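> Below is the sequence, then the predicted model.
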Amino acid sequence: MKITEQIKQPILQEMELFEKKFHESMSSKVALLNRITYYIVNRKGKQMRPMFVFLTAKMISEGTVNERTYRGASVIELIHTATLVHDDVVDDSNKRRGFFSINALWKNKIAVLVGDYLLSKGLLLSIDNGDFDLLKIISVAVREMSEGELLQIEKARRLDITEEVYYEIIRQKTATLIAACCSLGACSVDPDSEHVEKMRKFGELIGMAFQIKDDLFDYTDDAIGKPTGIDIKEQKMTLPLIHVLNTCTKDEKKWLINSIKNHNKDKKRVKQVIAFVKENKGLDYAEKKMVEFQQEALMLLSDYPSSPYKDALTLMVNYVIDRKI
């Protein structure tokens, strides 16, 4: 059994019902919108985010979920999908998970409007049901994700990024959404408890590890859905590179920055940068940091009694850093 299926095992029924509710939450009177949302639903990814919502809720409540949990999972998935649709427009990307992106099939204007539509559907799903506590968690995540993207753009222009700034960028860009999933799960079943903040922190730590793992993929030759060296070509400052920039000599640093700024389209030069980062222990350092985040996340889980949901979350934490894609 694939590891993702193992993780899903304790929440199979919930995930099935969730898919139905999620599809319903997208429906519109506009035929074009329904065509596009149908296309989105049928090209779903691993659905890690709703899985986090259900597993967290069931671990805390000892096996039960409620309508708020389903709504929370739907809102997160609606908002996550909206950000992906907008990201593809921003990045001018024609593919998503091996399929054509919305902007490739229906052009940018429609893609932007579809993203806006999904965002508003998510917010209204919370408001119409009085889930204001869940709405606050989600709204904070959207704000942080936007700030993270803009911070990254600002820093990429100057390439003056420190490790601290890098952590802040990935915390906002990637970790806040996973943190929101886990705190939503907790909040849906036990609103005013300490579990909400504890699970938010748990999700944030997994998100940090997840993003560092993504950074590491840029330096490997595996077929992982994005070509090797793409972050360097896009002048994205990742942890292996930041570490090496901060530990190499002045001349090496000059050569590295010049390579990234002025020669990032030169395949040979990009390969040299990758080799230099590897030789100077950039990958080892990033892996060490990734494992630190993972261990901290597992420590937070250790306070909870043994259950299939806790086991699945532990599997999820390990899957994040062992995955090949």
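Good, I have the coordinates. Numbers count the residues shown, from 1 in each chain.
> give the contact list for the nearest residue to Arg323 once chain neighbours are set aside.
Using C-beta to C-beta, 6 or more residues apart in numbering and skipping residues adjacent in sequence, the residue nearest Arg323 is Lys213, 6.8 Å away. All C-beta spots, glycine's among them, are computed from the backbone N, C-alpha and C. Lys213 makes contact with Met290, Val320, Ile321, Arg323 under the criterion C-beta atoms under 8 Å, 6 or more residues apart in numbering.
> Cys248 now?
Per C-beta under 8 Å, 6+ apart, neighbours of Cys248: Leu256, Asn280.
> try Ser28
Taking C-beta under 8 Å, 6+ apart as the definition of contact, the neighbours of Ser28 are Asn34, Thr37, Tyr117.
> Only the buried subset of these, as a PyMOL command please.
Burial among these is assessed by 16 or more other C-beta atoms under 10 Å; the matching PyMOL selection reads:
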select buried, resi 37+117
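> any chance of the contacts of Ser28 in TSV, plus pLDDT and secondary structure?
As requested, these are arranged in TSV below (pLDDT from 0 to 100; DSSP: H, G, I helix; E, B strand; the rest coil):
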residue	pLDDT	secondary structure
Asn34	80	helix
Thr37	78	helix
Tyr117	87	helix
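> Of all the contacts of Lys213, the one with the weakest confidence?
Looking at pLDDT alone, these dip lowest at Arg323, where the score is 76.
> State the number of residues packed around that one.
Under the neighbour criterion other C-beta atoms under 10 Å, Arg323 is assigned a count of 15.
> so how far is Val142 from the residue nearest to Arg323?
Look at Lys213 and Val142: by C-beta to C-beta, to the nearest Å, they are 24 Å apart.
> same question, Met316
23 Å.
> Repeat that for Met48.
18 Å.
> Could you pull out the helices in the stretch 101-250 of the chain for me?
102-128, 132-158, 163-170, 176-189, 195-217, 230-233, 239-247, 250-262 (DSSP state H, counting those that start in this stretch).
> from those helices, which stretch is densest packed?
With neighbours defined by mean count of other C-beta atoms under 10 Å, none of the helices of the stretch 101-250 of the chain is more surrounded on average than helix 176-189, at a mean of 29.
> what angle sits between that helix and helix 195-217?
Relative orientation of helix 176-189 with respect to helix 195-217: 150 degrees, computed using axes from the mean of the first three to the mean of the last three C-alpha atoms, to 10 degrees.
> tell me the angle helix 176-189 makes with helix 163-170.
Compare the direction of helix 176-189 with that of helix 163-170 by the same axes, to 10 degrees and you get 50 degrees.
> Does anything pack onto helix 176-189? Which helices or strands?
Contacts of helix 176-189 with other secondary structure elements, assessed using 3 or more C-beta pairs under 8 Å, 6 or more residues apart in numbering; DSSP states H and E, are made with helix 48-60, helix 67-90, helix 132-158, helix 195-217.
> what about stretch 265-281, distance to the chain center?
Put simply, stretch 265-281 sits 26 Å off its chain's centre (C-alpha atoms, centre = their mean, to the nearest Å).
> List the contacts of it.
Taking C-beta under 8 Å, 6+ apart as the criterion, the residues outside stretch 265-281 that touch it are 219, 228-229, 232-233, 240-241, 243-244, 247-248, 252, 256, 259-260, 263-264, 283.
> what's near enough to touch the residue most central in space within the chain?
Most central residue of the chain, judged by C-alpha distance to the mean C-alpha position with C-alpha atoms, centre = their mean, is Thr174 at 4.3 Å. Thr174 makes contact with Gly148, Gly207, Met208, Phe210, Gln211, Asp214, according to C-beta under 8 Å, 6+ apart.
> if we can go back for a sec, and the gap between the residue nearest to Arg323 and Gln13?
Lys213 is 30 Å from Gln13, by C-beta to C-beta.
> And for Lys173?
As judged by C-beta to C-beta, Lys173 and Gln13 stand 33 Å apart.
> So between the two, which is more surrounded?
Neighbours per residue, other C-beta under 10 Å: of Lys173 and Gln13, the larger number sits with Lys173, 21 against 10.
> measure the residue lying closest to the more buried one once chain neighbours are set aside to Glu14 for me?
The spatial neighbour of Lys173 that comes closest, neighbours along the chain excluded (C-beta to C-beta, 6+ apart), is Gly148 at 3.5 Å. Distance, Gly148 to Glu14, by C-beta to C-beta: 30 Å.
> cool, His23 as well?
15 Å.
> Same drill for the two, tell me which one is more crowded.
Neighbours around His23 and Glu14, counted as other C-beta under 10 Å, are more numerous at Glu14. The numbers are 21 against 15.
> contacts for stretch 121-137?
Identification of contacts with stretch 121-137 by C-beta under 8 Å, 6+ apart yields 25-26, 67-68, 71-72, 74-76, 78-79, 82, 138-139, 180, 183-184, 187-188, 191, 200.
> Please apply the same query to stretch 54-63.
Counting by C-beta under 8 Å, 6+ apart, stretch 54-63 makes contact with 7, 10-11, 14-15, 18, 64-65, 69, 73, 181-182, 184-186, 188-190, 193, 195, 199, 202-203, 304, 307, 309-310, 312-313, 316, all of which sit outside it.
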